[in-house]
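Engineer: Could you look at this predicted model? Sequence included:
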Amino acid sequence: SYGKIWNHLLPTTQYKEAAWTYEKGIWDFGAMILFGMALLKFGFFNSRFSRSKYLLIAVAAITTGLLLGWLRLHNNQLTIQDYTKYIDKHWIPYDFFFPFEMAFTALAYASLVLWLLGTGPLNHLWRSFAYVGKMALTNYLLQSIACTLFFTGFGMGYFGRLSQYQLYIVAGEICLLQIAFSVIWLRYFTYGPAEWLLRCLMYKRWLPNK
């Protein structure tokens, strides 16, 4: 039931929204936001480099990020096996380089996306993603409603019953449906329904949407 799932997830939710957010989350998020602002100021997102350079940056950054991730997981295993022995031989925490791992990995993904955006045959695909982005609030709400009905007991009750690959299939189906819905909707309307309603509430009057 919804109540059982609520009680099951409540400790994790409380920890994530309280202790983790203020101990680590706000610093992680803040650092990545500042990193993104610096890249924007540098012109990174305005196709400043050639496609070959974006690909080179992506390969170098993902290699560095994966190596740092391997080091973190390796040292984490050592702490689990014998924490006293680890701190005797290592002068830094096992996750000391995690912020750099995040930064390099994010840079790699951003570079890869910018490299792919220059691929002409995929322009129609990028345009469909742009439609989804123009209806971000609507799609967020629809996705939340669909997943709630699919997973919880008052819906179809699939919470905890799917394997990892089955979850990927569900996520892919939802994405395809939202892409199709966004493309069709924006052929007839300027804004998504939730975006249009929000604009009406902001301006305190009914606005045209055709």
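Structural biologist: In hand now; what should we look at? Because the structure is a prediction, the values reported are computed rather than measured. Residues are numbered from 1 along each chain as shown.
Engineer: Name the helix or strand for the residue nearest in space to the middle of the chain, please.
Structural biologist: Computing the C-alpha centroid of the chain and ranking residues by Cα atoms, centre = their mean puts A106 first, at 10.6 Å. Using DSSP states H and E, A106 falls within helix 98-117.
Engineer: now for that helix, which elements pack on it?
Structural biologist: Under the contact criterion of 3 or more Cβ pairs under 8 Å, 6 or more residues apart in numbering; DSSP states H and E, helix 98-117 touches helix 26-42, helix 51-81. (Glycine included, C-beta is placed from N, CA and C.)
Engineer: Now with 6 Å, please.
Structural biologist: helix 51-81 (3 or more Cβ pairs under 6 Å, 6 or more residues apart in numbering; DSSP states H and E).
Engineer: Now do the helix it packs on: which elements does it pack against?
Structural biologist: Using 3+ Cβ pairs under 6 Å, 6+ apart, the elements in contact with helix 51-81 are helix 98-117.
Engineer: Which positions within the helix it packs on qualify as buried?
Structural biologist: By 16 or more other Cβ atoms under 10 Å, the buried positions in helix 98-117 come out as 98-99, 101-108, 110-112, 114-115.
Engineer: rewinding a little: how much space separates the residue nearest to the centre of the chain from E23?
Structural biologist: Distance from A106 to E23, counting by Cβ to Cβ, to the nearest Å: 21 Å.
Engineer: Ok, I145 next?
Structural biologist: Remark: distance between I145 and E23 (Cβ to Cβ) = 32 Å.
Engineer: swap in H90?
Structural biologist: For H90 relative to E23 (Cβ to Cβ), the value is 22 Å.
Engineer: between the two, which one's more packed in?
Structural biologist: Ranked by neighbour count (other Cβ atoms under 10 Å), H90 and E23 place H90 first, with 13 against 10.
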